[in-house]
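# Just a sequence and a predicted model for now, questions to come.
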Amino acid sequence: MSRSSEQKVLVTGAKGMLGADLCPIFAEKYQVIPTDIEEMDVQDAGSVLQTLEEVRPAIVVHLAGLTDVDQGEREPDAAYRINALGTKNVALACQRVEAIMVYVSTLAIFDGTKCEPYTEFDQPNPQSHYSRAKYQGELMLRDFLQRYYIVRAGWLFGGGQQDKKFVAKIIDLARKHSELKVVDDKFGSPTHTKDLSHGMMKLIQTDLYGTYHMVNSGANCSRYEIAQKIIEYAQIKDCRLIPCSSAEFPLAAPRPRMEAGYNYHLQLMGLRLMRPWQQALKEYVETVWGPEVA
Ligand SMILES: NC(=O)c1ccc[n+]([C@@H]2O[C@H](COP(=O)([O-])OP(=O)(O)OC[C@H]3O[C@@H](n4cnc5c(N)ncnc54)[C@H](OP(=O)(O)O)[C@@H]3O)[C@@H](O)[C@H]2O)c1
């Protein structure tokens, strides 16, 4: 299918960390219609259907969600209502207007018992309410649609000056303290929001629907290893990182020991869409927090 700037792409959760980077990137090729909870609460099936019937998008990129994993554990009803049923509402509306749906899911749907990164051919076994709800969201697309992409991302980083997640927290703490403890027993795949957005845009041009892992390459690293790279790239020299166990930082929701992914489906198709995570992280940190920027 050929695409042009005339094609409409409706994005849900557009004000979030990923949406803020994805919308301008998709706007290079499509007519982007950004929506967030104010314009279209995905929990409201009627509002979702009405919006899609008015806009008639060719593609819906569904990013909206309850993304605080610990909040999801404390408020499971909200996690299932937004992440599972909200995704069902979007899928049903896509079915009605015959839009292609793209859903960003998570590698946290696996139980973490594997010793190496997960592929699309591994069996999900989510352990927290957040990840169960996200996985149920995936099943909604499979139940109701034929033309969809499920894209499982790793630990996202991005957002620039608005970043409130891991990279921003580590830089803030490392600049204030001479020592910092970081867990070294949880493994994941850093995923740059801009690289993911470009990768998704290339993927949807293939028309090869399905489920894909999409993380920066070379990824199977601990939070501690990522933190080491962050302070190296930000040139913070007077903070010593100390590896520690996640038991020292108890959290409401269980995290899998291993939630790294491997872009196996893409690789089997001969598509290498994602650069090494160190390269992406270096560029991001230097651009946003380099000594000349700070
Ligand atoms: N962050 C990660 O590391 C990661 C990893 C893998 C997958 N993902 C998935 O990627 C997607 C984007 O993540 P993100 O980090 O960009 O999340 P985010 O920054 O929390 O953005 C999510 C956006 O959705 C909005 N939203 C929440 N409830 C909504 C509702 N009922 N209706 C419409 N919009 C609603 C949020 O608004 P409020 O801010 O007002 O709540 C926010 O603007 C999510 O689906 C997430 O599950 C994220």
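Yep, it's here.
# Need phi/psi at whatever residue of the stretch 1-150 of the chain ends up closest to the ligand.
Nearest to the ligand, among the residues of the stretch 1-150 of the chain, is residue 16, at 1.9 Å (CB to the nearest ligand atom). For every residue, glycine as well, the C-beta is placed using N, CA and C. Per-residue torsions, residue 16: phi -80, psi -180 (degrees, to the nearest 10).
# Let me see the contact set for the residue most central in space within the chain.
Among the residues of the chain, the one closest to the centroid is residue 153, at 4.4 Å (CA atoms, centre = their mean). Residues in contact with residue 153 (CB atoms under 8 Å, 6 or more residues apart in numbering) are 18, 104-107, 191, 196, 214-215.
# For the ligand, tell me which of those show up nearby.
18, 104, 106 (CB under 6 Å from any ligand atom).
# what does stretch 180-190 rub up against?
107, 117, 154-155, 157, 170, 173-174, 215-216, 219-227, 239-246, 248-249, 255-261, 277, 280-281.
# do the same with stretch 221-237
By CB under 8 Å, 6+ apart, stretch 221-237 touches 155, 166-167, 170-171, 174-175, 180, 182-190, 239, 241, 243, 260, 277-278, 281-282, 285-286, 289-291, 294.
# can you check stretch 80-91 too?
Against stretch 80-91 from outside (CB under 8 Å, 6+ apart): 12, 42-45, 48-49, 60, 62, 64-66, 72, 101, 103, 129-130, 132-134, 136-138, 140-141, 143-145, 148.
# Would you double-check that residue 201 falls in a helix?
Yes - using DSSP: H, G, I helix; E, B strand; the rest coil, the secondary structure at residue 201 is a helix.
# how near is it to the ligand?
16 Å (CB to the nearest ligand atom, to the nearest Å).
# who are the neighbours in contact with that residue?
25-26, 29.
# hang on, the earlier thing: from the contacts of residue 153, which ones fall inside strands?
Residues of the contacts of residue 153 located in strands (DSSP state E): 104-106, 191.
# Which strands or helices does the longest helix seen in the chain pack on?
Counting residues, the longest helix in the chain under DSSP state H turns out to be helix 129-144. On a contact count with 3 or more CB pairs under 8 Å, 6 or more residues apart in numbering; DSSP states H and E, helix 129-144 meets helix 69-74, helix 76-79, helix 86-97, strand 100-106, strand 148-153.
# Let me have those in JSON lines, extended by mean pLDDT.
Output for the helices and strands packed on helix 129-144, formatted as JSON lines (pLDDT from 0 to 100):
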{"stretch": "helix 69-74", "mean pLDDT": "97"}
{"stretch": "helix 76-79", "mean pLDDT": "98"}
{"stretch": "helix 86-97", "mean pLDDT": "98"}
{"stretch": "strand 100-106", "mean pLDDT": "98"}
{"stretch": "strand 148-153", "mean pLDDT": "98"}
